[in-house]
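Enquirer: Everything below, folded, please.
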Amino acid sequence: MVIGIFGAGSVGCYLGGCLMAAGTEVVLVGRSSRRDELREHGLRVSDYMGREHKFDTVKVATDASALSAVDVVLVTVKSADSAQAAVDLAPHLRDGTWVVSMQNGIDNAATLSRGLQRCRVVAGMVPFNVARRAPGVFHQGTEGYPAIAREVGLQALIAKSFTKAKLTLQWHDDMTAVLWAKLLLNLNNPINALSGRPLKEELSLWSYRRCLAMAQREALDLLRKAGIKPARLTPLAPQWIPRLMSLPDFFFSRLAHKLLEIDPVARSSMWEDFESGRRTEIDWINGEVVRLAERLGEVAPVNKQLVRLVRDAEQGGLRQWDGSALLLSLKAAADSA
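Expert: From the prediction side, this is the model:
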């Protein structure tokens with residue numbers, strides 16, 4: 001079996017490296033800069049538990065035609081690039097090829113399906129953080145296992161390879177519930193990026209956690225009105241997480257020590273986007289909450305303000321918000337709605 005990965009970013013390279021370490025043949029497709037980087041430096045993947053694998057040579061290309069003979073394609077491009085990914089892949093994939101969206105956001109699998117009607121497209125997600133630490137070096141900084149919509153044929157094809165790669169897949173019948181649950185956790189991405197701090201440090205500070213709790217409560221209220229029940233991806237049910245986040249530091253550190261078992265240098269992918277000058281995925285994270293509110297005839301002032309602040313930061317605005325100042329900004333937005 002051959003697995004193709006379309007999108008050789010941090011997540012794509014990490015998944016590819018783990019699968020290669022388990023003996024699976026992998027073909028990566030990415031930008032020419034990443035191709036050149038991997039050819040010069042090789043590929044190294046590691047995680048917060050100390051596992052590490054190094055490859056001097058990697059099958060990496062810049063054109064989707066390199067995936068014409070693969071059995072499964074994992075799509076790991078940014079959400080903004082999903083429609084173009086389908087355009088690029090469509091002429092080259094065989095009829096019936098499995099295509100798995102391993103992206104942030106809610107509707108990427110549907111976007112891919114519209115352009116890949118001869119393929120079998122399913123939704124998936126990666127729950128953990130992956131950071132590029134150096135050229136060719138990709139590190140998993142938080143825990144979790146990838147999730148994919150339950151499809152018997154796909155499960156039979158790839159489950160063993162992922163398990164061998166220490167990426168045991170979680171199979172779900174309702175991926176919409178799973179994707180919304182992941183998005184609720186991802187609402188911290190802009191807060192972490194705007195804090196300018198590592199995840200562990202940011203989540204250790206009450207003011208930033210209260211910002212996250214505000215965004216999550218707003219989203220949970222909208223999901224309830226929409227009749228969507230997010231899945232449980234953590235020991236706590238989604239509706240209890242904002243309460244935990246709202247606890248003062250003394251109580252939080254004692255009750256939520258498991259949540260702080262994070263690599264001390266791990267940061268959100270949105271912070272990496274800031275650093276690299278790339279467009280963030282804010283429209284597919286907090287922006288999803290804003291669009292849900294609009295469909296319901298409601299408002300989402302907290303998440304809308306986070307979208308506004310990130311867009312401003314993308315254009316050179318403030319990127320290192322003090323927790324108290326950020327909290328005041330979100331409260332002001334909520335009060336004026």
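Enquirer: At which residues are the strands of the stretch 101-250 of the chain located?
Expert: Counting by DSSP state E, counting those that start in this stretch, the stretch 101-250 of the chain has strands at residues 120-125, 130-134, 137-140, 147-149, 170-172.
Enquirer: Out of these, which is closest to Ala159?
Expert: Closest to Ala159 of the strands of the stretch 101-250 of the chain is strand 170-172 (Cβ to Cβ; 8.0 Å). (Each C-beta comes from the backbone N, C-alpha and C, glycine too.)
Enquirer: what residues does that closest one touch?
Expert: 145-150, 155, 178, 231 (Cβ atoms under 8 Å, 6 or more residues apart in numbering).
Enquirer: can you pick the most crowded of these?
Expert: Ile148 (25 neighbours; other Cβ atoms under 10 Å).
Enquirer: helices and strands of the protein: which one has the lowest mean pLDDT?
Expert: helix 249-255 (a mean of 89; mean pLDDT, DSSP states H and E).
Enquirer: Can I get the strands of the stretch 101-250 of the chain in TSV including distance to Arg209 and mean pLDDT?
Expert: Formatted as TSV, those follow (distance: least, Cβ to Cβ, whole Å; pLDDT from 0 to 100):
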stretch	distance to Arg209	mean pLDDT
strand 120-125	23	98
strand 130-134	21	92
strand 137-140	23	96
strand 147-149	25	98
strand 170-172	26	97
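Enquirer: Put together a markdown table for those strands, with distance to Arg217 on each row.
Expert: Compiled in a markdown table, those are given as follows (distance: least, Cβ to Cβ, whole Å):
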| stretch | distance to Arg217 |
| --- | --- |
| strand 120-125 | 22 |
| strand 130-134 | 28 |
| strand 137-140 | 29 |
| strand 147-149 | 24 |
| strand 170-172 | 25 |
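Enquirer: Those strands: which one's closest to Asp312?
Expert: Between these, strand 130-134 lies closest to Asp312; by Cβ to Cβ that is 24.0 Å.
Enquirer: Pairing partners for that closest one, with directions?
Expert: Each strand paired with strand 130-134, and its direction, by DSSP bridges: strand 137-140 (antiparallel).
Enquirer: Centre of the chain to the partner strand, how far?
Expert: 14 Å (Cα atoms, centre = their mean, to the nearest Å).
Enquirer: go on, stretch 130-147?
Expert: 11 Å.
Enquirer: List the buried residues for that stretch?
Expert: 130-132, 136-144, 146-147 (16 or more other Cβ atoms under 10 Å).
Enquirer: Need the contact partners of stretch 73-93.
Expert: 3-9, 11-12, 15, 64-65, 67-68, 70, 97-105, 108, 111-112, 114-116, 118-119, 124, 126, 278-279, 281, 283-284.
Enquirer: Quick check: which helices or strands does the longest helix anywhere in the chain pack against?
Expert: Ranked by residue count, the top helix of the chain under DSSP state H comes out as helix 206-226. With contacts taken as 3 or more Cβ pairs under 8 Å, 6 or more residues apart in numbering; DSSP states H and E, helix 206-226 sits against helix 175-186, helix 188-195, helix 241-245, helix 249-255, helix 286-296, helix 301-314, helix 323-336.
Enquirer: Could you name the helices and strands sitting against the second one?
Expert: Contacts defined by 3+ Cβ pairs under 8 Å, 6+ apart place helix 188-195 against helix 199-203, helix 206-226, helix 269-276, helix 301-314, helix 323-336.
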